[in-house]
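Asker: got a sequence here, can you model it:
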Amino acid sequence: MYVKKRHLEMLRYLEQGGKALKEKFPEEYEARVLELYIMGLVEDGKLTEQGKILWEITRELNLEEIPELFVDTSIATMLEEYAKSGILLPTWEEPLKARKLIDEEGLTEVGKKVLKFAQTYEPNLYISPEMVGLIYGLPPVGKEAKLRQYAIDAYGSDNVVNAMEAVKLLVISPPDENNRKTYAFTRAHEYVKQILPKDLEKPLILSKDEMKALYEDTSGESEFYSKGEITQKGMEALTLYEHLVQPEKRIAPSYLSEKEFAVLKTIRRIEEIHKHTPDITPTYREIRERGGFEKLMNLLYFLEVKRLVEQREDGWWLTQLGHKALEYETFTIEASRALTMPKNNQAPAPYWLEKAHEEGLLTDGYITGKGIFALKLSESKDTFYLTKYDAWLLSAIPRARYLKWEEIEQKVPEDYEKDFLGEAEAKNLVEVLHNQTIGLTPLGEEIKLAIEKAKIDDIKATEFPITPLFYKVLKHFYENHERLVNLWKERGYSRMVVQIIKETGLYVDEVKKALVVLRNLGFIGKLGLTESGKRIVEAMKYLQ
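Answerer: Predicted structure coming up:
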């Protein structure tokens, strides 16, 4: 998104008709109308619904009082984070006030409308040779100053940077306390590199209506549609547009702590001993005695969720990914954000970008082998894990509101460690904004609702309310609910338990324990899963 004062001026004249606009801007009329068209504000010389929203905003502004740049991705992010948290960094207040988006009382009416516009903004598909050149010529994430200098050196100005913001190929971060910004190509840039040649000769341009016609098989003859079929170029255009405008599932950052790394090394040492002494396996007791770990079970469960270890009947064994982890060593969640935020169409804070370079996840903005491994830990997970500390954190954060750590700290037990916050973030339960406030993700909101409707006090008092194994049992029950409930009714609870053990292949004692705990905490009721139990499984749709 990239809206200048001149765009607002043009919308005012265009509302009176194309003739008025042409008379006002005779020399630059064609170029400026093309800009409005690309931004999805104008179609066939008339305002679109999106254009009308922005036009309504212009009526509440004295355009002489606002800066030449009205809103870009950086301003929009500042506005959104302020709306969520009420917190401004020192470098945010002046640009938001100068644009009449906030005042002493908070968001202005203009600010609220701009926020809505930003959240629903959908441009037409437009990709120029210069945009492709920038994507091929620069790393996917880096310093904004370097981005603009590259564009100026290559094309004589940084207009291509602004255009890429306008068509959702690029985002700029809010400034930090030192007025530094970063950039990130959005996830769609990966498809640009897959589909479009490095030496693109002419712009790729399609309107939303033309896209719709392609989808509905009603398009006229063109390079995108021929003889009743979508051409290869048409398919490529549709793919690009889908990734530009459709929301992707959020990818949560991850980390590998010193404690986790030490556990992995201890397990590997025991595995080596096992080769010569088969009686010794990496059981919980063996790992604890050899490593002297505190809160070992928490570490093992979370390593299991990360797919670095797997639990077998004779202990905890390294997976292939776990062996790979020992090659790369540790990294922090702050560094990981520099990798995952571009995947979520966001630009990381400068400090997070620095951490990613310091910890070897990035080199000159390009991802390293260690960075690729770090992203794998953020990939799709087929299990879930909840501790009592997660439950306390979810209870402490209100829905649709972001808090500072100091506010959260007052609402959680004294033994709550700040490291637990990183665990919750890596589980995709919470997210941290550029202004360092913390709020619930969509998954976090669903889990919060589920545990609040269950036996929340008992959940907060239970060390591990949902272990990875408990979740497997819960998921199996959910996926076979009607059949298992009928078995429960007709042949009794014990027969159903035997059937679950048989179908899952899990250990007898663990399945029995899982069902007892899940019943005691309110996830299983008298005959079947409760709404809370179902919600836990259904919430996993938010996991990437």
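
Asker: C-alpha from now on. contacts and neighbour counts both.
Answerer: OK.

Asker: could you pull out the helices in the stretch 401-544 of the chain for me?
Answerer: 405-409, 418-426, 442-453, 456-461, 468-479, 481-491, 493-504, 508-520, 531-538 (DSSP state H, counting those that start in this stretch).

Asker: dump those helices to CSV, plus distance to Glu177, mean pLDDT and mean neighbour count.
Answerer: Shown next, in CSV, are the helices of the stretch 401-544 of the chain (distance: least, CA to CA, whole Å; pLDDT from 0 to 100; neighbours: other CA atoms under 10 Å):
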stretch, distance to Glu177, mean pLDDT, mean neighbour count
helix 405-409, 18, 94, 14
helix 418-426, 23, 92, 18
helix 442-453, 29, 96, 21
helix 456-461, 37, 97, 18
helix 468-479, 41, 95, 20
helix 481-491, 53, 95, 15
helix 493-504, 53, 94, 15
helix 508-520, 47, 94, 16
helix 531-538, 39, 96, 20
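
Asker: and of these, who's closest to Leu89?
Answerer: Smallest distance to Leu89 across the helices of the stretch 401-544 of the chain (CA to CA): 15.3 Å, for helix 405-409.

Asker: out of the helices of the stretch 401-544 of the chain, nearest to Glu358?
Answerer: Between the helices of the stretch 401-544 of the chain, helix 418-426 lies closest to Glu358; by CA to CA that is 19.1 Å.

Asker: returning to that earlier point: so can I have JSON lines of the helices of the stretch 401-544 of the chain showing distance to Gly365?
Answerer: Formatted as JSON lines, those follow (distance: least, CA to CA, whole Å):
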{"stretch": "helix 405-409", "distance to Gly365": "30"}
{"stretch": "helix 418-426", "distance to Gly365": "22"}
{"stretch": "helix 442-453", "distance to Gly365": "29"}
{"stretch": "helix 456-461", "distance to Gly365": "42"}
{"stretch": "helix 468-479", "distance to Gly365": "35"}
{"stretch": "helix 481-491", "distance to Gly365": "48"}
{"stretch": "helix 493-504", "distance to Gly365": "44"}
{"stretch": "helix 508-520", "distance to Gly365": "45"}
{"stretch": "helix 531-538", "distance to Gly365": "37"}
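
Asker: between those helices, which one is nearest to Thr281?
Answerer: Taking these one by one with CA to CA, helix 508-520 is closest: 19.0 Å.

Asker: tell me which residues are up against that closest one.
Answerer: Applying CA atoms under 8 Å, 6 or more residues apart in numbering, the set of residues contacting helix 508-520 from outside is 465-466, 469-470, 473, 497, 500-501, 524-525.

Asker: Tyr121 is nearest to which of the helices of the stretch 401-544 of the chain?
Answerer: helix 442-453 (20.7 Å).

Asker: what's the closest one packed up against?
Answerer: helix 388-396, helix 531-538 (3 or more CA pairs under 8 Å, 6 or more residues apart in numbering; DSSP states H and E).

Asker: save these as CSV, and put in distance to Leu518 too.
Answerer: Below are the helices and strands packed on helix 442-453 laid out as CSV (distance: least, CA to CA, whole Å):
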stretch, distance to Leu518
helix 388-396, 14
helix 531-538, 8
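
Asker: as CSV, the contacts of helix 508-520 with distance to Gly444 would be great.
Answerer: Shown next, in CSV, are the contacts of helix 508-520 (distance: CA to CA, whole Å):
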residue, distance to Gly444
Pro465, 16
Ile466, 15
Leu469, 20
Phe470, 19
Val473, 21
Val497, 30
Ile500, 28
Ile501, 30
Ile524, 21
Gly525, 23
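
Asker: re earlier: mind checking which of the helices of the stretch 401-544 of the chain is nearest Ala374?
Answerer: Once those are compared by CA to CA, helix 418-426 is nearest, at 11.5 Å.

Asker: quick one: list the elements packing against the closest one.
Answerer: By 3+ CA pairs under 8 Å, 6+ apart, helix 418-426 packs against helix 388-396, strand 430-432.

Asker: and the angle for that helix with helix 388-396?
Answerer: With axes from the mean of the first three to the mean of the last three CA atoms, to 10 degrees as the basis, helix 418-426 and helix 388-396 are set at 80 degrees to each other.

Asker: any regions of the chain where pLDDT drops low?
Answerer: 16-18, 214-220, 247, 380, 544 (pLDDT under 70).

Asker: try it again at 80.
Answerer: Residue ranges of the chain with pLDDT under 80: 14-29, 44-45, 206-234, 236-248, 380-382, 543-544.

Asker: show me the domain layout of it.
Answerer: Using automatic domain parsing, the domain parsing of the chain gives 2-120, 125-245, 258-328, 333-376, 388-456, 468-542.

Asker: now the most centrally placed residue in the chain: how far from Gln436?
Answerer: By CA atoms, centre = their mean, the chain has its centre lying nearest to Arg250, at 2.9 Å. Distance of Arg250 to Gln436, given as CA to CA, to the nearest Å: 19 Å.

Asker: next: Thr363.
Answerer: Distance from Thr363 to Gln436, by CA to CA: 25 Å.

Asker: these two: which is more packed in?
Answerer: Legend: neighbour count by other CA atoms under 10 Å for Thr363 and Gln436, higher for Gln436 (17 against 14).

Asker: burial measure for the nearest residue to the more buried one once chain neighbours are set aside, as a count.
Answerer: Leaving aside its sequence neighbours, Gln436 sits nearest to Lys404 (CA to CA, 6 or more residues apart in numbering; 6.8 Å). Using other CA under 10 Å, Lys404 has 16 other residues around it.

Asker: ok, Lys404 - contacts?
Answerer: So Lys404 contacts 436-438 (CA under 8 Å, 6+ apart).

Asker: got phi/psi on Val171?
Answerer: Main-chain dihedrals, Val171, degrees, to the nearest 10: phi -130, psi 150.

Asker: no further queries at this time; thank you.
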